[in-house]
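Visitor: Generate a structure from the sequence data that follows.
(one chain, ligands or ions: 5)
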Amino acid sequence: APDISVENVQGHLKELDSIAQANGGNRAHGEPGYKASVDYVKGKLDEAGFETQVQEFDEGGATGYNLIADWPGGSGDDVLMAGGHLDSVTEGAGINDNGSGSAGLLEVALAVASGDLEPSKHLRFAWWGAEELGMVGSTHYVDSLDEAERGKIGGYLNFDMIGSPNPGYFVYQEDQALEKVFTDYFAGKNIETEPAEGTEGRSDHAAFSDAGIPVGGLFTGAEGVMTEDQAAKWNGTAGEAFDKCYHSQCDGMDNLNTEALDANSDALAHAVWELSS
Ligand code: PHE
Ligand code: CA
Ligand code: ZN
Ligand code: ZN
Ligand code: ZN
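Guide: Ligands and ions are numbered 1, 2, ... in the order given. As a prediction, this is how the structure comes out:
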């Protein structure tokens, strides 16, 4: 897999931040910043040769949007999906939550295109709406598939918060094979990981695991507080939250750890290459 440029990931984040600032300061469901952000991501993917679809749903009297992007080719009977939520809370621009996962996914998708990847599996990326209202978009998507279409999805990888300012390196411990692809990658980079305990059901992978689809993913921590042991292994700050701006106005461009954003974006690419080949 290619080494993902963290500068490019930060470039997408800067765009998402500008879009939020120009639209009332957020990308929340039902607010103009959300749809404008979908348009930004979709434009990049269309230009790169993805087949994109915007799936609409209704939540709380407002239209929500999921952006689905298929990379042409590969076996349609064996689909690998990777996704994350593009919406933010209303309090702020949601740069770590979840601009980070959204931008990492976009840059990896663009790398698939520029590398002319010809995977044996079919690759599908997704940016979900209304996660912050209870994983509404991803649930709507999984519900919209018939049994045959659901059965073709061999795995779903979720990226929600991958650049926390006081980062932990947490790997979802749901499907063992998917977990191992990530833990092996980080081990090769001499980065210690921990299982992402208590994240089951807390983001968009929940709809997939509920449907019996194997799930995996990465997380650098939210409101949880880093322990002494974790601070020692990750060179972080004990007694401080992984993301002290979680769901707050201060989740802006300063609320990121570049090294973690880079390592997690590279791990995302590695998993997509490895699992789709
Ligand atoms: N889904 C939570 C949010 O968006 C954060 C989270 C991500 C929690 C991943 C656990 C695992 O606010
Ligand atoms: Ca990199
Ligand atoms: Zn959130
Ligand atoms: Zn989130
Ligand atoms: Zn629905």
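Visitor: what's the nearest residue to the residue of the stretch 101-250 of the chain found nearest ligand 4 if we skip its chain neighbours?
Guide: Across the stretch 101-250 of the chain, no residue is closer to ligand 4 than D160, which sits at 4.1 Å (C-beta to the ion). No exception for glycine: its C-beta is placed from N, CA and C like everyone else's. Nearest residue to D160 in three dimensions, chain neighbours excluded: S203, at 4.2 Å (C-beta to C-beta, 6 or more residues apart in numbering).
Visitor: I'd assumed E131 was in contact with that neighbour.
Guide: Yes. Contact criterion C-beta atoms under 8 Å: S203 and E131 qualify, at 6.7 Å.
Visitor: list residues touching both of those two?
Guide: Counting by C-beta atoms under 8 Å, 6 or more residues apart in numbering, the common neighbours of S203 and E131 are 85, 160.
Visitor: contacting residues around T183?
Guide: T183 touches 171, 193, counting by C-beta under 8 Å, 6+ apart.
Visitor: give me the element it is part of.
Guide: helix 176-188 (DSSP states H and E).
Visitor: Next, the buried residues of that helix.
Guide: Using 16 or more other C-beta atoms under 10 Å as the test for burial, helix 176-188 gives 178-179, 181-183, 185-186.
Visitor: ok, then the element right after that helix?
Guide: Following helix 176-188 toward the C-terminus (DSSP H and E): strand 194-195.
Visitor: same question for the helix or strand just after that following strand, mean pLDDT?
Guide: Remark: after strand 194-195, the chain's next helix or strand is helix 205-210, criterion DSSP H and E. Averaging pLDDT along helix 205-210 gives 98.
Visitor: List the buried residues in helix 205-210.
Guide: By 16+ other C-beta under 10 Å, the buried positions in helix 205-210 come out as 205-209.
Visitor: same deal with stretch 105-123?
Guide: Within stretch 105-123, the residues scored as buried using 16+ other C-beta under 10 Å are 105-112, 117, 119, 121-123.
Visitor: how many other residues sit next to the closest residue to E200 other than its chain neighbours?
Guide: Among residues not flanking E200 along the chain, E174 sits closest, at 6.6 Å (C-beta to C-beta, 6+ apart). Other residues near E174 number 21, with proximity taken as other C-beta atoms under 10 Å.
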